[in-house]
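> Just a sequence and a predicted model for now, questions to come.
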Amino acid sequence: MLDYYARRAPEYERIYAKPERRGDLAWLKARVRDITRGARVLDLACGTGFWTEAMTDARSIVGADYNDTVLRIARDKRIAGASFVRADNDALPFAPGTFDVMTAGCWWSHVPLQRLRAHVEGLHRVLGPGVRVLWFDNQYVAGSSTMC
């Protein structure tokens with residue numbers, strides 16, 4: 001799986017260039033910007049940093065992903081206030097209270113249903129109480145979506 005996503009990394013963001021997605025993406029980017037404004041953000045499964053770029057008003061951003069290839073692409077964007085770390089989403093190296101907000105774009109569908117409860121409980125232990133969570137994913141649209 002890791003090799004598959006490393007090979008696909010250069011094409012990750014092509015899905016966002018489709019004209020029929022512009023309206024939804026503009027709305028969602030504005031929502032990401034609003035929710036992360038002034039916050040210490042964990043961008044879980046940050047990938048190439050596409051959504052990290054929308055966090056322009058965050059106090060700080062840590063993008064976490066397990067794939068070195070996508071992290072390299074994200075780092076090359078030089079997003080102000082952002083740092084990127086290699087981390088397993090089921091064994092995050094952060095102490096509770098480190099973040100005010102967690103975002104996770106296009107990650108929910110990658111967690112196997114039988115692991116979902118354990119995954120969310122693990123995130124809760126790492127994040128601690130009071131952290132706002134923005135978790136969003138892609139929806140399959142015939143003729144527009146890719147098999148991700």
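Yep, it's here.
> any idea how far the helix or strand encompassing residue 121 is from the chain center?
According to DSSP states H and E, residue 121 maps onto helix 113-127. Here the centre of helix 113-127 is set off from its chain's centre by 16 Å, with CA atoms, centre = their mean, to the nearest Å.
> With stretch 20-32 instead?
The answer for stretch 20-32 is 15 Å, by CA atoms, centre = their mean.
> Name the residues that touch the helix holding residue 121?
Here helix 113-127 makes contact (CB atoms under 8 Å, 6 or more residues apart in numbering) with 42, 44, 89, 90, 91, 92, 94, 96, 99, 102, 111, 133. Bear in mind the C-beta positions are built from the backbone N, C-alpha and C, glycine included.
> Pull up the distance across stretch 53-64, start to finish.
Across stretch 53-64, the terminal residues are separated by 14 Å (CA to CA, to the nearest Å).
> residues of that stretch that come out buried?
For stretch 53-64, a neighbour-count test (16 or more other CB atoms under 10 Å) marks 53, 54, 55, 58, 60, 61, 62, 63, 64 as buried.
> How about stretch 105-122?
Neighbour-count burial for stretch 105-122 [16+ other CB under 10 Å]: 105, 106, 107, 111, 119.
> Which ones among these lie within helices?
residue 119 (DSSP state H).
> Using a markdown table, please lay out the buried residues of stretch 105-122 together with pLDDT and distance to residue 22.
Shown next, in a markdown table, are the buried residues of stretch 105-122 (pLDDT from 0 to 100; distance: CB to CB, whole Å):
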| residue | pLDDT | distance to residue 22 |
| --- | --- | --- |
| 105 | 84 | 17 |
| 106 | 78 | 17 |
| 107 | 78 | 22 |
| 111 | 80 | 28 |
| 119 | 87 | 31 |
